[in-house]
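Asker: Predicted coordinates and the sequence they were generated for:
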Amino acid sequence: MTTFAELLLNGVSLGSVYALIALGFVVIFKATEVVNFAHASLLLAGGYVTAVLHDDIGFWPALLAGVAGAALVGAAVEFLVMRRYRGRDHSVLAIVTIGVDILLVTELTRRIGTNVLAVGDPWGDAVLTIGSVTIAETRVAALIAAGLLITAFLLVFRHTSWGVAMRAAAESAETAALMGVRLGRVSLGAWAVAGGLAAVAALFLTVFPTPGLERSTSLAAMKAFPAAILGGLDSTTGALVGGLTVGVTESLATGYQSDLTFLGRGLGDLAPYLVMIVILLVRPAGLFGTKELARV
Amino acid sequence: MGGAALAVRDLVAGYGPVSALRDVSIDVPDGAVVTVLGGNGAGKSTLLRAISRTLSFHGGAMTGGSVTLDGRPLDGRGADRVVAAGVSQVPEGRQVFARMTVEDNLRAGALGARGPRTAKAAALRRVHELFPVLAERARQQAGLLSGGEQQMLAVGRALMASPRLLLLDEPSLGLAPLMAARIGDTIREINGQGTSVLLVEQNAALALRLATHAYVLEVGEVTLSGPAAELAASDEVRRRYLGVVDETAADDASRATAAHPVLSRWEDSR
Amino acid sequence: MAGRGAPPAKTALRPAWPPRPRTYLWIAGSVLLLALPFYLDRFWLQAGLFAMAAAIGAIGINMLTGSTGQLSMGHAFFLAVGAYGYCAFAGDGGDELTGLGLPTAVAAVLAVALAGLAGGLFSPIAGRLRGAYLGIATLALIFIGQHVLFNAHDLTGGFNGRDVPPLNILGFRFDDSELVVAAIPFGSAEKLWYAGLVLLAGCALFARGVLRGRPGRAMNVIRDHRIAAGVMGVPVARYRAAAFVLSSMYAGLAGVLLALVFQRTVPDYFGMVLSLEYLAMIVIGGLGSVAGAVVGAAFVSLLPQVLTRYSDALPLVAESGTGGVAPGEAARYLYGAAVVAVVLFLPGGLIRLVTRRTAPPKHPDKPTPGTPGPSGEER
Amino acid sequence: MTAVPALEVTGLTVRFAGLTALDAVDFRVAPGTVHAVIGPNGAGKSTCFNVLSGVYRAASGSVRLGDEELTGLPPHRIAALGVARTFQNLALPPTATVADSLLLGRHRLTRTGFVAAGLRLPSALREERRHRERVREIAQFVGLGDALDRPAGSLPYGAQKLAELARALCMEPSLLLLDEPVAGMTADERRRTAAVIAGVRDSLGISIVLVEHDMGVVMRLADTVTVLDFGRRIADGTPAAVQNDPAVVRAYLGEDAEEPS
Amino acid sequence: SSKATDGDDGGKAGAGGVKTGDGVTDKKIPLGALTDRTGVYATLGKSVTQAQQLYVKQTNAAGGICGRKLSLTVRDHGYDPQKAVAAYTELEPKVLGFAQFIGSPFVASVDGRIRSDKALVIPQAWSADLLGNPYVRVLGSTYDLETINAIDFLLKEKGLKKGDRIGHVYFEGDYGENALAGSRHMAKESGLTVVEQKIKPTDNDMSAQVVALKKAGVKAVVISAGPRQAASLVGVAAASGLKVPVIGNNSAFAPQLLATQAGPALEKMYYVSTPSLPIGDKAEGPSKLAKDYAAAYPKDALDNGVVAGWTAASTFGEALKRACKAKDLTREGVGKALLTMDSYDTGFGAQDFSDPQAPSSTESVIIRPDKGAKGGSSVVREAGTAAEAKDFTPGED
Ligand SMILES: Nc1ncnc2c1ncn2[C@@H]1O[C@H](COP(=O)(O)OP(=O)(O)OP(=O)(O)O)[C@@H](O)[C@H]1O
Ligand SMILES: Nc1ncnc2c1ncn2[C@@H]1O[C@H](COP(=O)(O)OP(=O)(O)OP(=O)(O)O)[C@@H](O)[C@H]1O
Ligand SMILES: [Mg+2]
Ligand SMILES: [Mg+2]
């Protein structure tokens, strides 16, 4: 029982990190309907800046710098690459992001080299013990951060025109322009925000229980795909719910793999995709996504 | 909210190889309603796209001439700047944001408006009393509205920006007579409050009644222009745009069918 | 994804004689391709074969994604089905792995059919999903596939994969057993080269026929306007499924050919990267067009190998230890940059370069902006 | 050409979350006649078409074409029975050429499958040729003869409407559903299109259901008219009778309704 | 055409009456290295490659071998099978043999061709699946042996007893599953129960695994994964009160980890079983290499990849020297020469290459992370072979 509780808690906390990554996908998709494969590299960028700076300027400033840095990279990608694309096909832009990802990841991994970089976070490997279950403080922090950020975004989207502008721009650039939406600025903003989010996510991906930032850290972004999808690619709430679902699924599948051997071992990162498929079969646009409409 | 004077001079525009407009000059005096008549492919929508700087979205471009609003050039700016200058447009074929709710469509319409929140609230109220259905369906996805309801939404959306110059591309498209008439009244009302209007409308009768001045555009060139009343009187306009014909509908139709190659039946020999 | 609808097949009706300059180009090209094995060494032949296999696969995914608008990131899965299917059908169980020991030719056909079946089985799921959602859902196939490949030891040989029985048609073995033709030793690469050419040509022509004919038009309208498609009398579900099956069969065939070239299949190969590469191929080459798929495949599969081979000679490569750019890294940079550049500056794909020049001016190029993709609204 | 069947709509009801778009609507379309369905915006006209063409499911009621029950059939099955329609909001693939869109209309009349097309069997080529000829014929009939090779998206709005009409004709229907065919046309373009429609009726003798807000066109073409309001049928009869029906005037035409010609 | 068969280019007598071929000329002896600088094993690839380039530089500075200079052609396959096979195809005709080949699935995928090409390949992987091909020679004990020795250490010195349960966290793939074979064998031999936890290289957070192991009540944990996973496992175990010894295979440690959060925990409860002495060892072999490497690549970390690379290169070098004595610098010659090396000490432990089917050693050194020591580790148990390893034939479980 406590095992279950512990796995569940662990899953939730892990899920909150995925939620942060997924939120990055969501923001960009909302604004541009592009599935951003370069998100992994944004993660790496944010983490890298934080990691190299924390020694000199302290953790919190370094984190800010990381957020700013990743936001800058994101903005640069939008400004230098995405904006240049004249076509209207979003899935083509997805391929561009793959190219961008190759470039950025190669550069960053070259800089990181064989090192494992610590980010010098204040939590260290401290754990909270609730009853008989323990949870790393870093993960509590992650949970809180995810909660706060996502609520913040919900509010922003509800109470400012930014969300409307984003969705308008995504649905029809021309008509959005006719409404006075500054297309460039909207997608630039989205990319910058996604970058910042990535940096925060990167922080929680590199602190305890993982040893630190190194070249393969970015692979975690893959896990946010099912999260973003099963929540609904254009839904902030979806990102949270999806992230948690994936986290819990993964944690349980791992923790009980000895009891699931008939499925073969190492279900950890397969399980989320299976759950995703099942959910998509019931709700083709994810749990909170906007449905495709059939009207002529 | 005053109006603005639009001046289009020697406008040349086209889509890659296709030339759509040649040396078109049009004036919309401050506070006037001006209408542009023209058949399919005459270039009316192209004209409006050129003014609102959205040709590029159709692979087209403005290759000559100038467009000025109150003497300040509009060309060479982004579409958003044109809106910021107080121009808002009802695009051809509605173009509502299908996946957004009616409510959000209207909010989107207000994005370009500079006025205070209260102004927007007022605008919303006006749109709602104009088109009650939009209030009833506030939370419905716009794409699910009926054609005419979408048209109402498109018009309402444009009004949300409380523009100084309103560009209308066939606002009565797909509207029932009653509703078309109401649109007419609305245009008159807005204009009454000072907004200048450039109206592209196939319902020429309606258009000519609203407009003070009218232009006739044919295959990319202005062929006729003058006070609306005069044009309304000219045979050309009466026949082509007001559809006034001497013969009775019946033998007119028969004449037309005779004129048309009769479509032979398709006998399925397989 | 959006693509260019099939151009009017008036070309198909044009009298075949006198041939156009284009025809001569084709002849010259074919002769060149046929002669290559006598001059290129194994590395290049192998690279060429990888490209041919990729081209077949790309044509397949282009019919699914480019023409029918069903975004697929699971193509690698169907390649795997083809590759391992062939091994399983043709294997003689010598390496204590499951093998039915069928004649290799039969095994190849069955493997392709098996891939098609897999596609057919997935299509009901695909039928419910659109755009990015479908894309990521197909991604699940990759993970499932990898899981099976690693865990179903006695079928797949697990992480170390399993040997691929050389193709053997009527006693002619496509393996390294020396066969000297005109003083040129013919190994597996040389022999397979011709097999590859034949298969590719066949697949390309078939796909071209499909896309320019009645099925192609139906597929395109499903992509562009699903509801209208139904109202026009197109059984949408069936066609979407058919597209899935067909593209999976192409993938399966590509898998078989790859397996034969590799001479051993390993699970690591059939991962997500491969799937994304196939997407890149069709986008870079030109969505919805067969030629585009082929060009894109050549680009994506050859470029990295060439870059790696000449990596020492690449710009900004530094002596190792100086912390500078290692050859491999330089190759990655250039590859990434190339992908970005091509897609940005040739929105219609590489194929645009070709068509612009040699296309008969008859039918004008479609307007540059693509139609809304599957993620775009279907009004 | 087989005899054109009659269309019988009885008690047709369609509901969407919270609203009844069609409420027990009845009407009958006699073979070879033009039947107009008019009504205010949002009255349920297109919804009715969507049910007739299988895009929407009816909550209750029946639609019979001859002795075939249409409700519950998927769109392509209904199309196979010879029901063709145009859309109120254009439904033409913008990048496909007009020719391709029209050929698509031939889908139900052609047989070429994947294999035949892939292998370019003679049968496929022959079929292609025959139907391209017919497509050209129909394009000329509606007046799009020289637009065949242009991408539909590059045509002006009115021309695209005509292309849709042509695409529907290419299905060689026995029942043709037209949703606002003359919207966005100038008066004489309207007259020409009206003439085309009349020509279709006269030369093919098929039944046509017409949704249109231009009373002029309705008056000119319709043999019978059904008027809907809020999903309910408020009038039914000859154009003249309907036009003077006070309920119709109140709900739809408006008192000072002046309609062109 | 250039391809026309001009008879076998091997077996020509070159300078000094030495039989040459396969790219060997009077001037140079070309070797190949198929490495990974941009993929998942980039960390290993970098150290190995640089160490080998260092060896080549030094050897050539000292006059080369057999009066010929060594040249090392490096190809980076980024752990992509297609590139790997392509790179092998490219280099094979040009080189005498391969001093490095990372990624045993790829070695496996060209296994057949290696047999017919007869070129000596020293893979940078210690999986028993690589054994059995006379031209692919694993340098040092294989993972299964390594694991047996590791568990032996736990039994002898860490109070692990018959009937206990041990956890084994292992990578999907040859490495992990070969190591698992070892622990299974050991469990059979000495009455332990293995609690298996399979993971993927993409899993960086071992929390869930620790929970599962805690639930199973394991008395020790073996980890056959990457350094990250080891660090995470140890860190979480320490933090969440699973206070048991953890021991990993040689690929499951990197000195860089000591600088991270997990550092202290690692020093407290982590051990590593390796085929050779750690780079930080006092012995003159290691210390010299450490000095030279640090001099050549000041920026880069000293890890056991350096040792692996160096020993592989120097083994190849030794084989070349002997082949030179035997006046046969062809692939066959090198192969024969290698078989004569039955007790060759690379400076990191004695290797015996006389049996083409067996790994060159069954011994393992047990080391522990140690911030103080160079290379971040120090020896806790000298090289030795567990009794259970003696009667164990690698590659079968
Ligand atoms: N995207 C495009 N690409 C190429 N040509 C175009 C495009 N859009 C319009 N055209 C051409 O430009 C000319 C003018 O078109 P436009 O849409 O302005 O006519 P219009 O007066 O608005 O017609 P309608 O009354 O039917 O809307 C036409 O010949 C049309 O074919
Ligand atoms: N899929 C749907 N979901 C929800 N409501 C719908 C849907 N389709 C239609 N409606 C509603 O049903 C009513 C009837 O729509 P319909 O399109 O039939 O009107 P219409 O008679 O065609 O009007 P118009 O003349 O403006 O085209 C409208 O109020 C519309 O909002
Ligand atoms: Mg227009
Ligand atoms: Mg309607």
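Answerer: In hand now; what should we look at? Numbering: from 1, shown residues only, chains lettered A, B, ... in the order given. Ligands and ions are numbered 1, 2, ... in the order given.

Asker: ok, now which ones touch the one residue in the stretch 1-150 of chain E that gets nearest to chain A?
Answerer: Here the stretch 1-150 of chain E gets closest to chain A at one residue, E:T43, 4.3 Å apart by Cβ to the nearest Cβ. Yep, even glycine has a C-beta here, placed from its N, CA and C like the rest. Residues counted as contacts of E:T43 (Cβ atoms under 8 Å, 6 or more residues apart in numbering or on different chains) are A:114, A:214-215, E:227, E:254, E:303, E:305.

Asker: Check C:L117 too.
Answerer: So C:L117 contacts C:V245 (Cβ under 8 Å, 6+ apart).

Asker: quick one: secondary structure of it?
Answerer: Three-state call for C:L117 (DSSP: H, G, I helix; E, B strand; the rest coil): helix.

Asker: returning to what we had before: give me the three-state assignment for the residue of the stretch 1-150 of chain E closest to chain A.
Answerer: The three-state assignment at E:T43 reads helix, by three-state DSSP.

Asker: Over to B:D27?
Answerer: strand.

Asker: Tell me the bridge partners for it.
Answerer: B:A7 (DSSP bridges).

Asker: Please work out which residue of the stretch 101-250 of chain A is closest to chain E.
Answerer: A:P211 (3.7 Å).

Asker: where exactly do the helices run in the chain?
Answerer: In the absence of a named chain, this looks at chain A. Ranges of helices within chain A are A:2-32, A:39-57, A:59-80, A:90-112, A:137-159, A:162-171, A:173-178, A:183-206, A:221-231, A:236-255, A:271-282, based on DSSP state H.

Asker: Chain B, not that one
Answerer: B:44-52, B:79-84, B:102-109, B:117-130, B:132-136, B:147-159, B:177-192, B:204-210, B:228-233, B:235-240, B:249-259.

Asker: Can you name every helix or strand that the fourth one contacts?
Answerer: Contacts defined by 3 or more Cβ pairs under 8 Å, 6 or more residues apart in numbering or on different chains; DSSP states H and E place helix B:117-130 against helix B:132-136, helix B:147-159.

Asker: now the longest one: how far from the chain's centre is it?
Answerer: Think helix B:147-159. Relative to its chain's centre, helix B:147-159 lies at 12 Å (Cα atoms, centre = their mean, to the nearest Å).

Asker: ditto for stretch D:68-88
Answerer: The answer for stretch D:68-88 is 11 Å, by Cα atoms, centre = their mean.

Asker: and the helix or strand where C:K191 lies with chain D, contact?
Answerer: Applying DSSP states H and E as the criterion places C:K191 in helix C:188-212. Yes - on the criterion Cβ under 8 Å from any Cβ of the partner chain, helix C:188-212 is in touch with chain D at C:205-207, C:209-210, C:212.

Asker: what comes into contact with the helix or strand just after that helix?
Answerer: As assigned by DSSP H and E, the chain's next helix or strand after helix C:188-212 is helix C:214-224. Residues from elsewhere that reach helix C:214-224 (Cβ under 8 Å, 6+ apart): C:2-3, C:5-6, C:63, C:67-69, C:210-211, C:228-229, C:232, C:234, C:236, C:239-240, C:242-243, C:288, C:371, C:374, C:378, D:93-96, D:100-101, D:103-104, D:107, D:110, D:112-114, D:117, D:124, D:127-128.

Asker: try it again with 7 Å
Answerer: C:2, C:5-6, C:67-69, C:210, C:228-229, C:232, C:234, C:236, C:239-240, C:243, C:371, C:374, D:93, D:96, D:100, D:103-104, D:107, D:110, D:112-114, D:117 (Cβ atoms under 7 Å, 6 or more residues apart in numbering or on different chains).

Asker: Among those, name the ones in helices.
Answerer: Those of the contacts of helix C:214-224 lying in helices (DSSP H): C:210, C:228-229, C:236, C:239-240, C:243, D:100, D:103-104, D:114, D:117.

Asker: Adding neighbour count and pLDDT, write those out as a markdown table.
Answerer: What follows is these, written out as a markdown table (neighbours: other Cβ atoms under 10 Å in any protein chain shown; pLDDT from 0 to 100):
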| residue | neighbour count | pLDDT |
| --- | --- | --- |
| C:V210 | 28 | 95 |
| C:A228 | 27 | 93 |
| C:A229 | 28 | 94 |
| C:V236 | 20 | 94 |
| C:Y239 | 19 | 94 |
| C:R240 | 23 | 94 |
| C:A243 | 29 | 95 |
| D:D100 | 25 | 94 |
| D:L103 | 26 | 95 |
| D:L104 | 27 | 93 |
| D:F114 | 21 | 93 |
| D:A117 | 24 | 92 |
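
Asker: Return the member of these nearest to ligand 3.
Answerer: For these, the residue nearest ligand 3 by Cβ to the ion is C:A228; the value is 21.4 Å.
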